[in-house]
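Engineer: The following comprises the amino acid sequence and a computationally predicted model.
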Number of protein chains: 4
Amino acid sequence: MKVKVAVNGYGTIGKRVADAVVRQPDMTLVGIAKTRPSFEARRAVERGYPIFLAGSGSRPEFEQAGLPVAGTIDELIGLADIVVDSAPEKVGKENAKKYRDAGVRAIFQGGEKSDVAEMSFNALANYDRAGEKRTVRVVSCNTTGLARAASVVVPHWGVQHWEATIVRRAADPSESDRGPINGIMPTFHLPSHHGPDVRTIFPDLSIATTAVVVPTTLMHVHVNHVRMARPPPDAQHVIDRFRRTPRFHIFAPWEHVDGTPQVMEFARDRPNGRPDMMENVLWEAGVRVDGEDLYFFQAIHQESIVVPENIDAIRAMFGLAPDAEASMAITDAALGIPHP
Amino acid sequence: MKVKVAVNGYGTIGKRVADAVVRQPDMTLVGIAKTRPSFEARRAVERGYPIFLAGSGSRPEFEQAGLPVAGTIDELIGLADIVVDSAPEKVGKENAKKYRDAGVRAIFQGGEKSDVAEMSFNALANYDRAGEKRTVRVVSCNTTGLARAASVVVPHWGVQHWEATIVRRAADPSESDRGPINGIMPTFHLPSHHGPDVRTIFPDLSIATTAVVVPTTLMHVHVNHVRMARPPPDAQHVIDRFRRTPRFHIFAPWEHVDGTPQVMEFARDRPNGRPDMMENVLWEAGVRVDGEDLYFFQAIHQESIVVPENIDAIRAMFGLAPDAEASMAITDAALGIPHP
Amino acid sequence: MKVKVAVNGYGTIGKRVADAVVRQPDMTLVGIAKTRPSFEARRAVERGYPIFLAGSGSRPEFEQAGLPVAGTIDELIGLADIVVDSAPEKVGKENAKKYRDAGVRAIFQGGEKSDVAEMSFNALANYDRAGEKRTVRVVSCNTTGLARAASVVVPHWGVQHWEATIVRRAADPSESDRGPINGIMPTFHLPSHHGPDVRTIFPDLSIATTAVVVPTTLMHVHVNHVRMARPPPDAQHVIDRFRRTPRFHIFAPWEHVDGTPQVMEFARDRPNGRPDMMENVLWEAGVRVDGEDLYFFQAIHQESIVVPENIDAIRAMFGLAPDAEASMAITDAALGIPHP
Amino acid sequence: MKVKVAVNGYGTIGKRVADAVVRQPDMTLVGIAKTRPSFEARRAVERGYPIFLAGSGSRPEFEQAGLPVAGTIDELIGLADIVVDSAPEKVGKENAKKYRDAGVRAIFQGGEKSDVAEMSFNALANYDRAGEKRTVRVVSCNTTGLARAASVVVPHWGVQHWEATIVRRAADPSESDRGPINGIMPTFHLPSHHGPDVRTIFPDLSIATTAVVVPTTLMHVHVNHVRMARPPPDAQHVIDRFRRTPRFHIFAPWEHVDGTPQVMEFARDRPNGRPDMMENVLWEAGVRVDGEDLYFFQAIHQESIVVPENIDAIRAMFGLAPDAEASMAITDAALGIPHP
């Protein structure tokens, strides 16, 4: 008996989650909800995903474009065991009531505040806690990246204090109406909201984050400095530990991956169906241990990193796998992510 | 009996040609040549492509990276019926002698001058002429885009004169050491070299081109203005004709593809193994007929547009298909390019 | 007796026009109108420009910022002989009625449609026609650039047909909320509106223009191809003629100005008070004559090119100078633009 | 009796230092050295700066361009009391011997290693130490920015530990051959060299820095987190202290300066002769005190921030002013930098 999944909102995250759901052995996609026709809606039709009308969507507009409409969002909800809400930021909050009234479980994205759901989720960190929940929030791309890293660092070497500067991409590749074209925009919330967001998962972690926005579309980069409690003897220990953990990809120096352009080129060469990088990306040359101090860079692909987490959240909520490791192994095999 | 293909140079074009060769029913890849280990070399190994040492390559360097070396470039040439040379610009010229001495056929890329080979090739335009050639040059990305378009416009509506401004991407996505970051660089060769290069294929075409370089990595855009000899009644005729021609992709207004960022997003959504756009990309809203005057924009994906042409050139040189249409149909099916 | 000028709208154009007015021997600035406090408002105060409240502006907001408010926009209009309207696009149209009711003359910018005023103006082209007008529209940056060039080409060599591709900057340097960061956006109006706009000044000119938007903030670049009626013997004639015309700047090859980044660096080195390039910028290497065909690139600084035209329009409307050449000479001397 | 200054190397820094020298009451510019003609050389001639041939420069090349050559670099050195070396990185090291042999004092830039000179200099931090030196190194733009900030923080509130992430511009505005166009490049030296470089001035400071390169040309941004020893009660104390220190510029929220594009727009509006920002730029909204923790952003204009420091270094070496404050006051008045 497969879990019936609906995807409400078919943008950057939604279309990836839909593709991921259909690849899972224990899930089925009952449909996706979208407001207007577009090249992405056409692709959904080609892939055989039933399209339902979201919010202000107009049936005639779809039909003029030759795209069949399967029904309304309410009908879609009626078909589903769970809705993955990937509507634009803040809209998820409004949708939550709808799901509650319909008695359907729901997953929200990190653009919503944490009180939208019963818990904030990351597969490596707190998979087991999602078992009895009816609503779960998958944290944002940056928080997911930090939470994954914390899932390695906290248990193995302890954290006295963690500092991270988040160098954010300004827009996704297809968001051509956003800038800046040439400049750096500081985020004047000091420290930034990412630290508190990580603490929705690691409540006791001492972490302070800051952020700037820069003119690139490819990936975020985190500059991390951790003062450890029980430091390992050298960087190689850290590299090895990350390498043995699911959802980390570490580049060696001879691979000549100098920054995010080459990381994305690596992703484009992958035979995964989509040029995504769902792992935290680290560089051997970008990890350093100096006494108690651990420095490391990690690059985060904002468009895709939360996709496997959404899948694991479904599996956790429905008890489809015995534990996090089992779920992640299924997810990663289905998505073409190398699993250690 | 499959044609044995070697790929010399495993960069932007070479890696794509290699992937394309292994997908063809009538070709086999005997190996690729590369100078140094990299993430791309690792991927070649994972895909089972034998790596041979190109030019100044060092065997120990590969072996330290754990990448097996199958032999030297000369050994690779000895295994092949034909070499696709995708070495950096100007190096193909040097390699030509090597191929000639080895008595192996060769295909060169458009970065080389036209005298590197017996003919300049484009599948839609002059497939038949390649039948007896031992060396063929596949014209550059921009010339390929213009030659394809001319293959439609010239026979159907005639050309009194063609003007094109080529708005060039400044670097490929992974070339992070090239700029400009913020500026426009005119190409001071007036008219630009693209017009004469198109005439290596359409010798009688009256065409004048100009070019500027702009800070983007995604695609080139051609701004075309053609004074036609026998104009069609309206733009819809032109759109329909392009739509019925292989290797053209036309976006409708309701698809909301506003520019190259959305075209590349479309490509990333494609289930082709690589986020490429091997067709000329046009927009319905970007085609206009006004009396004798035809205006149209086309976007050209510099990284991939010549890949199917390389495959067709092989097929033409070895007589593997009865004609251009048959070859293109095989190529397109193998590469996941919709064929009209 | 100096002409009393008010500037309504203190953005990119307005602030430059205000600075230009105060430098003129025959004009005085009675004040500027602005809606909200900003670093630019602070600078206006430092320069001694009285600030009046535009549109929805709030006096307490200015006062809390320590910026004195001299009155309302209506009071400002009452003080002026002429208002230079540099409000955001389309707002000028709304303001026009206000000026008419107040019986004050007005100049509008090219973002407004041509029917906002009695004529469209360019100093080189039609200075004399502005003599009896109460409302004048200074055409947009791109149209000004084309009109200036036409003022040279049309009388000297005649124009059979003019083609221009306008490679547009996507945002001004300080507009950090606009993109694209990485892409090219065609303008799907074919031919573009620039041709008809040039014909508001040269009604009989055969001109067709096309446009693309690219990710840069510095300047536009025009790629021009003119079929001339009475061609000069060579490019040097064209270069010399442009060099002898006011408001053209021609770079020699040994100056190593490869594109717009170096043009703007040149402007930053200028001792003009502001790093602007109010001339059409050409390159000797970017001018070519081939029989009837004239090709030339020109770079247009969208932020400043219309500033001297606004000044000349005032002078023309009030008969402050005997002719265009006299007015331009005064303007250029005041603004630090070398005058041939 | 004015100090006779030569400027060897007329690029981004050299041309600004030359302009700054001629504005000082106690210095005179005996000439500048340059290797090839360019628009910048032409400007030097227009400003009356004698040009001497640097390194591989060719006299005929200058003369063909109509630019007079006053002599060789050795002759220039012979005329000077001090040479400001602003040659490209690493060339200063080679030039050092030449200056030593000629018995002339010299100032080097921060691109050279610290052993190129007797001391590393920052006006706020160690002006007095330069009094008897024959060679001084003005630290780099980023180190100058950090050293200035440390000159405020260290004495007033003490530093337990300072962390800074340096978000670096990838190229200067006119360097159109450098990228990346779209990407983030981590600096794999961890921690980065900036911390040790700050310690050439503050030997006892506990500081760790990291760096990434991003696709912008305007400014660097530093993200600072300082654990203070004697924290002030609130951020306002910090803001006030910075505001009262020379060479800091603090933006208020109502000024709507959201990032580096607006900072540079502010600089372009300045009546300083060049659109530079020679101060450390802070934002009130970008300073936060939380117990022992001080967070602040600062933007650093890489092209100009070291210019006043070069001037002060000259004054310090020749004893032209009684102390740092006196020298900075003269420099700032001459350069149009508001002095508190």
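Structural biologist: Yes, it's here. Residues are numbered from 1 along each chain as shown, chains lettered A, B, ... in the order given.
Engineer: can you pull out the strands in the stretch 101-250 of chain A?
Structural biologist: Counting by DSSP state E, counting those that start in this stretch, the stretch 101-250 of chain A has strands at residues A:105-108, A:119-121, A:135-138, A:159-169, A:185-186, A:207-214, A:220-228, A:248-251.
Engineer: Pull up the residues of the stretch 101-250 of chain A that are close to chain C.
Structural biologist: Counting by CB under 8 Å from any CB of the partner chain, the stretch 101-250 of chain A comes close to chain C at A:170-171, A:173, A:175-183, A:185, A:215-217. Any C-beta I mention is one placed from the backbone N, CA and C, and that applies to glycine too.
Engineer: And the pLDDT at the residue nearest to residue A:182 when sequence neighbours are not counted?
Structural biologist: Closest residue to residue A:182 apart from its sequence neighbours, by CB to CB, 6 or more residues apart in numbering or on different chains: residue B:182 at 4.5 Å. At residue B:182, the pLDDT value in this model is 98.
Engineer: OK, contacts around residue B:182?
Structural biologist: A:181, A:182, B:215, C:216, C:217, C:218, C:261, D:173, D:216, D:217 (CB atoms under 8 Å, 6 or more residues apart in numbering or on different chains).
Engineer: In contact with the fourth one, which residues?
Structural biologist: Just to be clear, that refers to residue C:216. So residue C:216 contacts A:181, A:182, B:180, B:182, B:183, B:184, B:214, B:215, C:169, C:170, C:260 (CB under 8 Å, 6+ apart).
Engineer: and with 10 Å instead?
Structural biologist: A:181-182, B:180-184, B:214-216, C:167-171, C:173, C:259-261 (CB atoms under 10 Å, 6 or more residues apart in numbering or on different chains).
Engineer: Got the domain ranges for chain A?
Structural biologist: A:3-139+A:306-335, A:141-300 (automatic domain parsing).
Engineer: Leaving out sequence neighbours, find the closest residue to the most far-flung residue of chain A relative to its centre.
Structural biologist: Most distant residue from the mean C-alpha position of chain A: residue A:64, 34.2 Å away (CA atoms, centre = their mean). In this structure, residue A:64 finds its nearest non-sequential neighbour in residue B:254, 7.3 Å apart by CB to CB, 6+ apart.
Engineer: So the one you found sits against residue A:63, correct?
Structural biologist: No. Contact criterion CB atoms under 10 Å: residue B:254 and residue A:63 do not qualify, at 11.0 Å.
Engineer: got any residues that touch both of the two?
Structural biologist: The contact sets of residue B:254 and residue A:63 overlap at residue A:37 (CB under 10 Å, 6+ apart).
Engineer: okay, the two: which has more neighbours?
Structural biologist: residue B:254 (19 against 12; other CB atoms under 10 Å in any protein chain shown).
Engineer: Give me the neighbour count for residue A:94.
Structural biologist: By other CB under 10 Å, 12 other residues sit near residue A:94.
Engineer: just residue A:150 next, same as before
Structural biologist: Residue A:150: 24 surrounding residues under other CB under 10 Å.
Engineer: and what of residue A:239?
Structural biologist: Neighbours of residue A:239 using other CB under 10 Å come to 21.
Engineer: residues contacting it?
Structural biologist: Taking CB under 10 Å, 6+ apart as the test, what residue A:239 contacts is A:248, A:250, A:252, A:282, A:283, A:284, A:285, A:286, A:287, A:289, A:296.
Engineer: State the distance from it to residue B:94.
Structural biologist: According to CB to CB, to the nearest Å, residue A:239 stands 41 Å off from residue B:94.
Engineer: Who are the packing partners of the one helix or strand residue A:263 maps to?
Structural biologist: According to DSSP states H and E, residue A:263 maps onto helix A:260-269. Contact here means 3 or more CB pairs under 10 Å, 6 or more residues apart in numbering or on different chains; DSSP states H and E; on that basis helix A:260-269 packs against strand A:220-228, strand A:248-251, strand A:280-283, strand A:293-300, helix B:12-23, helix B:39-46, helix B:260-269, strand D:185-186.
Engineer: near chain D, which residues of the stretch 51-200 of chain A show up?
Structural biologist: Within the stretch 51-200 of chain A, the positions near chain D by CB under 10 Å from any CB of the partner chain are A:161, A:163-169, A:173, A:179-192.
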